[in-house]
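> Show me how the following folds:
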Amino acid sequence: MLYSFLEKVQRKKQLSLLKKHPHVISHNIRLGIGTHFMFHKNLKKVSIGPSADFRNYVSIVVLENALLEIGTDFFMNNFCSINCLEHISIGNNTLFGENVKLYDHNHVYEASPEFKVYPSKFTKAPIKIGNNCWLGSNVTVLKGVTIGDNCIIGAGCTIYQDVLPNTQVINKQELIHNTL
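Just a heads-up that it's a prediction; the model follows:
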């Protein structure tokens, strides 16, 4: 009973964050439990269309000067995340399976004279996902990718290059069975 009460309080807090932020526009959205929005006070804009449905334990991060656009009738399943440092656009009637991840950035690194990864420096490029797309469970979409309208991205795919409209992408994995 206490857990249920705390879930309601957390949902109200997240909905309040959406309503109070001056650069966030959202209409008629549904939030599951554990959904977390982290919006920089100086983000460019967040627009979430009507009838967006965010299931449980979703994380959405939009940092300074970044733009996130989500169309109407969008569905995001459990444990998904959007990490927006530049621009991510998701079309209408698009759905995400569980654990889908979007990253419009990579860490800056150098290989010589010695290998070093910079934790707070990034290269960025926009992500655009079209209308009527379905991204299956455990899909990761990386910076600079455009996925056209009417696409299906199969479970477990890492999308690092553009996908033409009306395309199905399958992660071909081979299961090898060995007798013990």
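
> can you list the residues that contact the lowest-mean-pLDDT helix or strand in the chain?
For the chain, the helix or strand with the lowest mean confidence is helix 2-20, at a mean of 84 (criterion: mean pLDDT, DSSP states H and E). For helix 2-20, contacts defined as C-beta atoms under 8 Å, 6 or more residues apart in numbering pick out 24, 26, 29, 31, 33-37, 39, 48. For every residue, glycine as well, the C-beta is placed using N, CA and C.

> Please apply the same query to stretch 47-57.
18, 24-35, 60, 68-80, 92.

> rerun that using 6 Å as the cut-off
25-35, 69-79 (C-beta atoms under 6 Å, 6 or more residues apart in numbering).

> buried set for it?
Under the neighbour-count criterion of 16 or more other C-beta atoms under 10 Å, stretch 47-57 has 48-49, 51-55, 57 buried.

> Likewise for stretch 103-117?
With burial defined by 16+ other C-beta under 10 Å, the residues of stretch 103-117 counted as buried are 103-106.

> what does stretch 119-130 give?
Using 16+ other C-beta under 10 Å as the test for burial, stretch 119-130 gives 122, 124, 126-130.

> Could you dump those into a markdown table with secondary structure added?
What follows is the buried residues of stretch 119-130, written out as a markdown table (DSSP: H, G, I helix; E, B strand; the rest coil):
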| residue | secondary structure |
| --- | --- |
| Phe122 | strand |
| Lys124 | strand |
| Pro126 | coil |
| Ile127 | strand |
| Lys128 | strand |
| Ile129 | strand |
| Gly130 | coil |
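
> May I see those arranged in JSON lines, with distance to Phe5 and pLDDT as well?
Formatted as JSON lines, the buried residues of stretch 119-130 follow (distance: C-beta to C-beta, whole Å; pLDDT from 0 to 100):
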{"residue": "Phe122", "distance to Phe5": "39", "pLDDT": "96"}
{"residue": "Lys124", "distance to Phe5": "40", "pLDDT": "98"}
{"residue": "Pro126", "distance to Phe5": "40", "pLDDT": "98"}
{"residue": "Ile127", "distance to Phe5": "37", "pLDDT": "98"}
{"residue": "Lys128", "distance to Phe5": "40", "pLDDT": "98"}
{"residue": "Ile129", "distance to Phe5": "36", "pLDDT": "98"}
{"residue": "Gly130", "distance to Phe5": "40", "pLDDT": "98"}
